[in-house]
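Colleague: only geometry, no sequence info:
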């Protein structure tokens, strides 16, 4: 009887190799989803929407506008819009690059290494994505100025959400690899 | 470190090539129309089943395959029109009605993000059998996720005073509006990433990836 029970137990476990093989990944993903949930709670909160979003988008508009002016475009910023004589872009929620930054920061935060390896990853990663987003906004203005609305919309979605997110994931993998090797080297020296 | 960056950039380059090719193909009108039709075929009966108080018909948008037109008319309105025809002495039988249209951006709703998922799966460090299995499961899950969002949008739309096909309790309608507000393009990207990670990563390849 006891043997039967044991067999059934073992059989039950063997029936779930797919889950067992992914157990640490699931744990990691749950942590990641929880971090992203916290980010979205903040991102959709009235605190962010009422007080922080406007100044943040305005700062991005100002910096992207500075880039455009540096290459000879006579553009002006009005709130969250960058406008020239023939075209204007309005930076809205979702175009701010914050979701891609949150993906990177969540991934780093949840990865099991010492904080001294996490801090530079978060700092440099966020700075890199922030700068890249400024280039993206300026690039979208140029695309809208020189190409059709369809091309602008295409670049907005593909470049804005998908490629930008992919860059964030790429940075995360590079950081994970770097931090794992650093931690292993430090452990070997101890 | 340089090796890691090189490997990462190589992967990114492959991703851009594959994703760019798939996206370029989907932009061809014939391919876009075929994808649009393929998406509409199972979606129409699902939506018709969910929204029994109205007649729903899906067609490719007049703007092209990037849009789906959801034509609808409430059953009550249809009955009223039928009675009106009868009172005017028209013979019973089929007649044409002017349906109202709700527009869905097909590429933003499904195709762009689905191609992102396909590119991620095809470039994943797993066997072709696992890729095929992952693509099958992932396609179904992501498809259902997008149909869920369309259903939420339609439910909110049908509750508007000018349509009044549905009268959902206010508390439930608040949840529906909240979900629509939250399920943005960014959330869709995160959904695809998590789906990909669940389907692809295991103890073995995770460790290999980390060197």
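Modeller: That came through, no problem. This one's a predicted model, so the numbers in the text were calculated from it and none came from an experiment. Numbers count the residues shown, from 1 in each chain, chains lettered A, B, ... in the order given.

Colleague: Setting the sequence-adjacent residues aside, check what's closest to residue A:109.
Modeller: Closest residue to residue A:109 apart from its sequence neighbours, by Cβ to Cβ, 6 or more residues apart in numbering or on different chains: residue A:35 at 5.7 Å. Just so you know, the C-beta spots here come from the backbone N, C-alpha and C atoms, and that holds for glycine as well.

Colleague: Count the neighbours of the one you found for me.
Modeller: 18 (other Cβ atoms under 10 Å in any protein chain shown).

Colleague: What of residue B:180?
Modeller: 15.

Colleague: Get me the contact residues on chain A for chain B.
Modeller: A:21-26, A:29, A:32-33, A:36, A:40, A:44, A:94, A:99, A:103, A:154, A:157-158, A:161-163, A:165-167, A:169-170, A:173-174, A:176-178, A:180-181 (Cβ under 8 Å from any Cβ of the partner chain).

Colleague: what about 6 Å?
Modeller: A:21-22, A:25, A:29, A:36, A:94, A:99, A:157, A:161-162, A:165, A:170, A:174, A:176-178, A:180 (Cβ under 6 Å from any Cβ of the partner chain).

Colleague: does the residue nearest to residue A:109 count as helix, strand or coil?
Modeller: helix (DSSP: H, G, I helix; E, B strand; the rest coil).

Colleague: where does it sit relative to chain B, distance-wise?
Modeller: 11 Å (Cβ to the nearest Cβ, to the nearest Å).

Colleague: swap in residue A:86?
Modeller: Distance from residue A:86 to chain B, by Cβ to the nearest Cβ: 24 Å.

Colleague: Quick check: that residue vs residue A:142, distance?
Modeller: From residue A:86 across to residue A:142, the span is 12 Å (Cβ to Cβ, to the nearest Å).

Colleague: Then residue A:59?
Modeller: 20 Å.

Colleague: More neighbours: which of the two?
Modeller: Between residue A:59 and residue A:142, counted using other Cβ under 10 Å, residue A:142 has the larger neighbour count: 18 against 15.

Colleague: how about stretch B:141-151: buried residues?
Modeller: B:142-143, B:145-147, B:149-151 (16 or more other Cβ atoms under 10 Å in any protein chain shown).

Colleague: What of stretch B:153-167?
Modeller: Neighbour counts over stretch B:153-167 (16+ other Cβ under 10 Å) mark B:153-159, B:163, B:165-166 as buried.

Colleague: Sort the residues you listed by pLDDT and name the bottom one.
Modeller: Lowest in pLDDT among those is residue B:163, which has 83.

Colleague: How many residues are close by residue 186?
Modeller: Because you didn't say which chain, this covers chain A. 13.

Colleague: that's the wrong chain, I meant chain B
Modeller: Residue B:186 sits with 26 neighbouring residues when counted by other Cβ under 10 Å.

Colleague: any idea how far it lies from chain A?
Modeller: Residue B:186 is 4 Å from chain A, by Cβ to the nearest Cβ.

Colleague: Those residues of chain B touching chain A, which are they?
Modeller: Looking at chain A, the residues of chain B close enough under Cβ under 6 Å from any Cβ are B:1, B:4, B:8, B:12, B:108, B:112, B:116, B:184-186, B:189-190, B:197, B:201-203, B:210-211.

Colleague: Helices - which of the residues you listed land there?
Modeller: Of the residues of chain B next to chain A, the ones assigned to helices by DSSP state H are B:4, B:8, B:12, B:112, B:116, B:185-186, B:189-190, B:197, B:203.

Colleague: now for the buried residues of stretch B:153-167, which pair is the farthest apart?
Modeller: Greatest spacing in the buried residues of stretch B:153-167, by Cβ to Cβ: B:153 and B:165 (13.7 Å).

Colleague: got the contact list for the longest strand seen in chain B?
Modeller: The residue-count maximum for a strand in chain B (DSSP state E) belongs to strand B:64-74. Outside strand B:64-74, the residues that touch it by Cβ atoms under 6 Å, 6 or more residues apart in numbering or on different chains are B:32-33, B:36, B:54-59, B:61, B:97, B:99-104, B:106-107, B:165.

Colleague: ok, 8 Å please
Modeller: B:29, B:32-33, B:35-36, B:39-40, B:47, B:51, B:53-62, B:97, B:99-107, B:109, B:150, B:154, B:158, B:163-165 (Cβ atoms under 8 Å, 6 or more residues apart in numbering or on different chains).

Colleague: Also stretch A:125-141?
Modeller: A:60-61, A:63-64, A:67-68, A:73, A:75, A:82, A:84, A:87, A:89, A:91, A:95-97, A:100-101, A:104-105, A:108, A:152, A:155-156, A:159-160, A:164, A:167-168, A:171-172, A:175.

Colleague: which stretches of the chain form strands?
Modeller: All of this refers to chain A. Under DSSP E, chain A gives strands at A:76-78, A:81-83, A:88-90.

Colleague: not what I meant, chain B
Modeller: B:54-61, B:64-74, B:100-105.

Colleague: low-confidence ranges in chain A?
Modeller: Applying pLDDT under 70 to chain A flags residues A:1-16, A:18, A:159.

Colleague: 90 - rerun?
Modeller: A:1-28, A:86, A:92-95, A:112, A:148-162, A:173-174, A:176-178, A:180-190 (pLDDT under 90).

Colleague: Residue of it closest to chain B, please.
Modeller: At 3.8 Å from chain B, residue A:99 is the closest residue in chain A, using Cβ to the nearest Cβ.

Colleague: Kindly provide the distance from that residue to residue B:17.
Modeller: Distance from residue A:99 to residue B:17, by Cβ to Cβ: 25 Å.

Colleague: Looking only at neighbour counts, state which of these two leads.
Modeller: Between residue A:99 and residue B:17, residue A:99 has the larger neighbour count (other Cβ under 10 Å), namely 23 against 12.

Colleague: Quick check: the more buried one touching residue B:189?
Modeller: Yes - applying Cβ atoms under 8 Å, one finds residue A:99 in contact with residue B:189, separated by 7.2 Å.
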